[in-house]
Structures are given as C-alpha cells and as structure tokens.
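Chemist: I would like to see how this sequence folds:
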Amino acid sequence: MDTIQSQKVQVLRGIAIIGVVLIHTTWGGYWQVVFRPFVNYSVALFLFISGFLTKVTNDNWSSFYSKRVLRALLPFLLWTLIYTLPSTNPKDYLEHILFANATPHLYYLFVYIQFVLLTPLLGRLALSKHRWIGFLIAPVSIIGYTYVNLVFGVQPNWLISNLWAISALGWFGFYYLGLLLGNGLMTINIKWQTLILLYGLTILLQIGEGYVWYIFYGMGTCGTQLKLTSLLTSTIALFAAYKYILDSKMSQTPIVLKKIGDFSFGIYLSHGLILMLLSNHTTWYSEIHFVLSAVIILTLSFILVALVRGLAGTKVSRWIGFA
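Modeler: Take a look at the predicted model:
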C-alpha cells in the first residue's frame, strides 16, 4: 500500500468515527428510523479496514496475536475501569469486563479481538473454494437471533442477550470482506453511479424496515446496524471505500478527515465519557440538536486525545488507546 492509499485509509477512519459519534448522539424515535440508516456504515467500516490491512498468511501468528490483542485489550481494561468508576459495587467491574458493557460502544473491542483470534481460520476459508460460506454467517446469525425472536415474540434471557451483544457473528461479513479484498482474493468493479444508486435504494429499505420495527414492535433499537437492510447498506459503503482506496484519480486526501482518522481510536474510547459528563453535569447540552451535539462531542474528544498525546507521549498514549 502506497502513501496516498495509507492516507485514504485514515480518511475512511475519520469518516467512520464521525458516524459513530452521530450514532451515539442521534435522538430516539423516528430519528432512529430516518437518520440512522445514513450512518450505520460506521462500525462496519472500521472492521473492513482492519480486515483489509491484514494478511491471510503469516509466519509468526503469536507475534500477530500479541501485538493486536494487547493493542485492544489494555485500553479496554483501562476504559472499562474509567466508565465503571461511578458505580459503588466492585462486582460491576467484573461484569463489565466479561460482557464489555461498561458503556455501549466498548463491545467493539471484544468483536475486534475475536476477529484477530479467528484470522488464521478466516484466512484458510478465504483461500478455499468454499469462501462464499463466510458471507452467510452474518445474515444467518442475525435471522436466527433477531428476526426469529421478533416473529415468535421470544425474549432472549440475560446471558444470551449479553453474549450476542459482544459476538462477532453479526459483524462477520465486514471483516471477512476486507480480508478478501485486501489480499486480492476478490475484486469489485462497480461504477460510482451504480454504487450511489444502490446505496440510496438500500437506505430506503433500511428506513422501511426501521419503520416496521418501530411501529409494530416498539423497538428502541429500530435503527440498529445489525439488521438485514443495514447489512446491505454497509456492504455497498464498503465497496465504495474499496474503490476510493484504489482510485488513483482521487489522490487528494482531506486533511481534517485524515487527522480525525489518526485520532479515531482515542475518540472512539473517550467520546462516551465526554457525552456522559455533558449529559449528567450540564443543563444546556440536552437542549441542542443532535448534529450540533455530535460536533461538540467530536471536537472535545479530539482535543482530549491531542492533549494526552502531546503531554504523555506516543508510548504511553498507545497503551491507553490514544495513539
């Protein structure tokens, strides 16, 4: 990967973290139905990039594991502690470690670690003639967990719900697609006009499905990234990301987005803390529009990461997820 392509990857990370912050600041109700489909690509894009930058063959898997798992696990433990501090029950920290639920977004680190551990097996699948099986795992698991429960009115118990929340199954296709495209085992050649059209159509499908969920099931998660129409939209967005990385005509990289992408992991970890502090300790924050609130959260998180990196240095910042 050349320098321009590496910069494009950081731009994509910047776009992804902006989407994450928008997801966590979007109002409930119909806003989840109408607006969320436009930003539901976010986690999928992060996972796709991780897969895209991973080789399916490796002479030293133990080094691969230690580097990538520690890169996620140590910040996870630290930030789980930070988000658990308001609790007066020490047992909460253990539960938050086991189920990555100290704050809604830490599940991603568990999902990422699962993909890291599974990479050798995914590589073997990607290199086999049965590689198409990998694309069935996410939709089949989502149908089995979400749609069957909705249709039959089954309420999963606490343990199953928590395990599903940190499972990599629903996200499987995004990392796997990155592996295939990044290793040249699959190519996508779709015109930009076609991608835009397909993206628009899948957005409409997401809105339609989200409306059904909201009206008939009263689902607070009607805007979730893990429904079938969301998978379609995210997949089209990943095709566009792949095309963007390889398109030599698109050589200019927006500096602001690239810088946000450079800080994206730190912003991901810390934006929930900024959001919690503003929500619980200010009177004005709840009165502003969610788009403006997202800008505020993103800006403050960016400043926090920049300050810590400047004061603590790269080595310390890396262990807390800020570099």
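
Chemist: tell me which element the residue nearest to L195 when sequence neighbours are not counted falls in.
Modeler: Among residues not flanking L195 along the chain, A240 sits closest, at 5.0 Å (C-beta to C-beta, 6 or more residues apart in numbering). Bear in mind the C-beta positions are built from the backbone N, C-alpha and C, glycine included. Per DSSP states H and E, A240 falls inside helix 228-246.

Chemist: I'd like to know which elements that helix is packed against.
Modeler: Under the contact criterion of 3 or more C-beta pairs under 8 Å, 6 or more residues apart in numbering; DSSP states H and E, helix 228-246 touches helix 3-25, helix 42-52, helix 137-142, helix 172-182, helix 192-212.

Chemist: Is the residue nearest to L195 in contact with Y199, as I believe?
Modeler: Yes: because the distance of 7.2 Å satisfies C-beta atoms under 8 Å, A240 is recorded as touching Y199.

Chemist: circling back: identify the residues contacting the residue nearest to L195.
Modeler: Residues in contact with A240 (C-beta atoms under 8 Å, 6 or more residues apart in numbering) are 192, 195, 199.

Chemist: Quick one: buried ones out of the residues you listed?
Modeler: The neighbour-count criterion (16 or more other C-beta atoms under 10 Å) marks 195, 199 among the contacts of A240 as buried.

Chemist: Can you add distance to N149 and pLDDT and give the contacts of A240 back as CSV?
Modeler: Listed next are these as CSV, based on distance: C-beta to C-beta, whole Å; pLDDT from 0 to 100:
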residue, distance to N149, pLDDT
W192, 38, 96
L195, 33, 97
Y199, 29, 97
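
Chemist: any chance of the contacts of A240 in CSV, with distance to L98 too?
Modeler: CSV is the format used below for these (distance: C-beta to C-beta, whole Å):
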residue, distance to L98
W192, 44
L195, 40
Y199, 37
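
Chemist: how near is N280 to Q7?
Modeler: Taking C-beta to C-beta, to the nearest Å as the measure, N280 falls 38 Å from Q7.

Chemist: count of neighbours near A72?
Modeler: When neighbours are defined as other C-beta atoms under 10 Å, A72 has 18 of them.

Chemist: Quick check: it touching L109?
Modeler: Yes: the pair A72 / L109 is scored as a contact, 4.7 Å apart, by C-beta under 8 Å.

Chemist: Would you mark the buried spots in stretch 213-231?
Modeler: Going by neighbour count (16+ other C-beta under 10 Å), the buried part of stretch 213-231 is 213-214, 219, 222-227, 229-231.

Chemist: what's the answer for stretch 244-255, then?
Modeler: Residues of stretch 244-255 classed as buried by neighbour count (16+ other C-beta under 10 Å): 244-245, 253.
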